[in-house]
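J.: Pasting a predicted model and its sequence here:
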Amino acid sequence: MRLTIIAVGRARDADEARIVARYLARMRPKPELIEIDGRKSRDAMDEWRQIEARIPSGAARVLLDERGRDLPSPKLAARLGQWRDDGRDIACLIGGAYGFPDAAVSYTHLTLPTIYSV
């Protein structure tokens, strides 16, 4: 199982970058972080197209969005564990300032509230 985090935006300064690097180093499996420059985006669909182009083929898509539903930790762990046991890769998708278009929400396997991305 490979874990990919695709995020619009980047750490704002060296302190944030160190925190991100620290947490990524602690995660198993170690995820790949793909950062997209949101300054070039025109709208939510533009950001979504950039994210979608980087999602690994066949990966389960987990979207972090304000429209997501809360999932208790045991249920989230069970869902992630099932994907792992099935040999699926997982892509966690974090949008930018425009948020996600409705098409993106309907395209994902799981949508969690943005509190998970803080």
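T.: That came through fine. Numbering: from 1, shown residues only.
J.: Strands along the protein, start to end?
T.: 3-8, 32-36, 60-64, 90-94, 110-112 (DSSP state E).
J.: With respect to residue 84, which of those lies nearest?
T.: Evaluated with Cβ to Cβ, the strands of the chain place strand 90-94 nearest to residue 84, the distance being 8.0 Å. Any C-beta I mention is one placed from the backbone N, CA and C, and that applies to glycine too.
J.: Give the burial count for the closest residue to residue 27 other than its chain neighbours, as a bare number.
T.: Residue nearest to residue 27 in three dimensions, not counting chain neighbours: residue 3, with 7.1 Å by Cβ to Cβ, 6 or more residues apart in numbering. Using other Cβ atoms under 10 Å, residue 3 has 22 neighbouring residues.
J.: got it, and the one 4 residues further on?
T.: Burial measure for residue 7: 20 neighbouring residues, criterion other Cβ under 10 Å.
J.: any idea how far residue 34 is from it?
T.: Residue 7 sits 7 Å away from residue 34, going by Cβ to Cβ, to the nearest Å.
J.: Tell me the pLDDT of the residue nearest to residue 27.
T.: With respect to pLDDT, residue 3 has a value of 94.
J.: quick one: it and residue 89 touch, right?
T.: Yes. Using Cβ atoms under 8 Å, residue 3 is in contact with residue 89, at 7.3 Å.
J.: Could you list the alpha-carbon positions for stretch 86-98 in PDB?
T.: Taking Å, rounded to 0.1, in the frame of the first residue of the first chain, the C-alpha atoms of stretch 86-98 are listed here in PDB:
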ATOM      1  CA  ASP A  86      -7.000  -5.300  -0.400                       C
ATOM      2  CA  GLY A  87      -3.600  -4.000  -1.600                       C
ATOM      3  CA  ARG A  88      -5.000  -0.600  -2.600                       C
ATOM      4  CA  ASP A  89      -3.100   2.600  -2.600                       C
ATOM      5  CA  ILE A  90      -4.600   5.600  -0.800                       C
ATOM      6  CA  ALA A  91      -4.600   9.200  -2.000                       C
ATOM      7  CA  CYS A  92      -5.500  11.900   0.600                       C
ATOM      8  CA  LEU A  93      -6.700  15.100  -1.200                       C
ATOM      9  CA  ILE A  94      -6.400  18.500   0.300                       C
ATOM     10  CA  GLY A  95      -7.800  21.400  -1.700                       C
ATOM     11  CA  GLY A  96      -6.900  25.000  -1.800                       C
ATOM     12  CA  ALA A  97      -8.600  28.400  -1.300                       C
ATOM     13  CA  TYR A  98     -11.400  27.500  -3.800                       C
END
